[in-house]
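A.B. asks: Task: produce atomic coordinates for the following.
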Amino acid sequence: MDRKLAAILAADVVGYSALMERDETGTFERLTAIRRALIEPEIAKRRGCIFKLMGDGLLAEFGSAVDAVECAVSLQRALNERNAEVPQSERLELRIGLNLGEVIVDGDDRYGEGVNVSARLQQLADPGGICISGKVVREVEKTLTFGFESMGEQQVKNIAEPITVYRLVQEGTSPEARLARPPALPNKPSIAVLAFENMSGDPQQEYFADGLVEDVITNLSKIPSLFVIARNSTFAYKSRATDIRQIARELGVRYVLEGSIRRAGNRLRITAQLIEGRDATHIWAERFEGETEDVFDLQDQLTERIVGTLEPTIRRAEIERARRKRPDSLDAYDFFLRALPHSYANSPADTAEALRFLGEALRLDPRYACAHGYAAWGYEQRFLRGGFHPEDRAAALTHANAALSTGGDDPQALCLGAFVYATITHDYDRSINALDRALTLDSNSSLAFGLSAMVHMFNESYDRAREHAFRALRLSPLDPMNYHSYLALAWVSLFTARFEDAVKYSTLGIQVNPVFSILHASLVASYASLDRLEAARAAGRRLLEVAPGWTISAFVRMDVVRPQLMEGMASALRKAGLPE
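C.D. replies: Alright, predicted model coming up:
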């Protein structure tokens, strides 16, 4: 038997078994037609040869890695065009894997690790996607114009050594389009910390379990060598029976931490386990017990053990820097934790409830920087959306200044204070300096990146606004606070006359927060700017359902960007017939 170097393409049909179960004859006929009319001619055109056909897939050999990649891209593009013209239930999608390696030649067949790796890469590909080994990328990256997005090293079945894998990004694919796909693994240890299960039997203690996890996430996020998914994305899985492997895949992380907390009287017991997301292997488990007065020490132990497992070379000094500045009183901390879910909800009633709890926290600990930050945000929302009362503006500014002056090492306090200070005073230099400080302290803060995107948009630094918005969406793809990032992207698009993009981002933001009237107004202005007046009027009706007393004059009075820009949006809103 001879051996030779070859590029191997492996392809299979996504969901083939289910398609055959629904319509065996129709599925078989469609696949046969596509293979004869598209797949076989395209492979032959690129000087390739099919050496094995399976029911739902094939293996093909190419003498050139460039030919193999160009063939894979052509196949996916052509199938995508075909699928656009047929019902969803009849679409056939391929996953393709490409590898360059030595193969054994046995007549018309090919064997060996070069073939096996291609088949494993195909299993890693998204529907309609192409996964490529590092060997292929090194061979073609100077010749072809496609992008290659790293998925890191992958351990695959029956292959001894990990494989460096890339996802092919076709020329012209935008960052926003890539957000729709499962994210690739970062090039450093990555973790998602799930909500811990409350085992105390007391529903009132749910906030304590959530708060403990939030602090673990915050502490981990401050360590530069870790990529940490934000709290609001991981909490989207709370109370849902979801496979760990699916969570890891959807969030784009290698590790998942889950656990439980039981509080009885003054005693606290925490159990935690670290799981490798690819195959749900348990790496580490630990139990911590102690008095509730020692909850912060227990939290630091938990953080230190996780980091020690993920990155043994991290120095103990970084653990010390990761410790959050905390209030002097645990009671103040309790009130702060109770406020958070109401702050996230961001409705007028929830804002009032959040401010009540935050007021109690600050009464007990007047220098609690993070509580000042959330209070500033609450009063800013009430001022802009609740009648422009001077006392709300004054309270927002007071708490923003307090957050900025006392929150020197608390990134949440800094980013919230900076955002509110920018909207109230338009002093963007001070606000951006504080946001940069927050991002230096916590380079994984989706909240800081999202609010920074808003402030840079206010300041007309549009490239930086887009960059930070996309970064926030990548860090926390399921975050209910993502409407800030989408609003920044929508307004940047409006102000730069990219009105189709403005429609898209306004719509995505509304999906995240359906009651945020500013996004509804943004959608109306976007449609009107395209002269799609029927769509603009329909969006306007939805806006008035969400905010019955809404007027253009009140919208303009928010005064968050230059008057010329606000007036431009107002003109578009008038075209849609909204009340003055």
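
A.B. asks: secondary structure element for K135?
C.D. replies: Taking DSSP states H and E as the definition, one finds K135 inside helix 134-140.

A.B. asks: Can you give the contact residues for that helix?
C.D. replies: 7, 65-66, 68-69, 98-101, 148, 163-166 (Cβ atoms under 8 Å, 6 or more residues apart in numbering). In short, each C-beta sits where N, CA and C put it, glycine included.

A.B. asks: May I see the residues you listed organised as JSON lines, with distance to A280 added?
C.D. replies: Below are those laid out as JSON lines (distance: Cβ to Cβ, whole Å):
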{"residue": "A7", "distance to A280": "33"}
{"residue": "A65", "distance to A280": "34"}
{"residue": "V66", "distance to A280": "38"}
{"residue": "A68", "distance to A280": "33"}
{"residue": "V69", "distance to A280": "33"}
{"residue": "L98", "distance to A280": "28"}
{"residue": "N99", "distance to A280": "26"}
{"residue": "L100", "distance to A280": "31"}
{"residue": "G101", "distance to A280": "29"}
{"residue": "F148", "distance to A280": "28"}
{"residue": "I163", "distance to A280": "20"}
{"residue": "T164", "distance to A280": "23"}
{"residue": "V165", "distance to A280": "20"}
{"residue": "Y166", "distance to A280": "25"}
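
A.B. asks: JSON lines for these, including secondary structure and distance to L364?
C.D. replies: Putting the contacts of helix 134-140 into JSON lines (DSSP: H, G, I helix; E, B strand; the rest coil; distance: Cβ to Cβ, whole Å) gives the following:
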{"residue": "A7", "secondary structure": "strand", "distance to L364": "67"}
{"residue": "A65", "secondary structure": "helix", "distance to L364": "65"}
{"residue": "V66", "secondary structure": "helix", "distance to L364": "67"}
{"residue": "A68", "secondary structure": "helix", "distance to L364": "66"}
{"residue": "V69", "secondary structure": "helix", "distance to L364": "63"}
{"residue": "L98", "secondary structure": "strand", "distance to L364": "61"}
{"residue": "N99", "secondary structure": "strand", "distance to L364": "62"}
{"residue": "L100", "secondary structure": "strand", "distance to L364": "64"}
{"residue": "G101", "secondary structure": "strand", "distance to L364": "65"}
{"residue": "F148", "secondary structure": "strand", "distance to L364": "54"}
{"residue": "I163", "secondary structure": "strand", "distance to L364": "55"}
{"residue": "T164", "secondary structure": "strand", "distance to L364": "53"}
{"residue": "V165", "secondary structure": "strand", "distance to L364": "52"}
{"residue": "Y166", "secondary structure": "strand", "distance to L364": "53"}
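
A.B. asks: and those residues, which are buried?
C.D. replies: With burial judged by 16 or more other Cβ atoms under 10 Å, the buried subset of those is 7, 65-66, 68-69, 98-101, 148, 163-166.

A.B. asks: Check these and tell me the two furthest apart.
C.D. replies: Greatest spatial distance in the buried ones among the contacts of helix 134-140: V66 and I163, 20.4 Å, computed using Cβ to Cβ.

A.B. asks: if we can go back for a sec, buried residues in the helix holding K135?
C.D. replies: Result for helix 134-140 [16+ other Cβ under 10 Å]: buried residues 134-137, 139-140.

A.B. asks: Just name the closest of the residues you listed to L573, please.
C.D. replies: Relative to L573, the closest of those is V137; by Cβ to Cβ it sits at 48.7 Å.

A.B. asks: and K142, how far is that from V546?
C.D. replies: Going from K142 to V546 by Cβ to Cβ, to the nearest Å gives 53 Å.

A.B. asks: Pick out whichever of the two has more residues nearby.
C.D. replies: Ranked by neighbour count (other Cβ atoms under 10 Å), K142 and V546 place V546 first, with 15 against 6.
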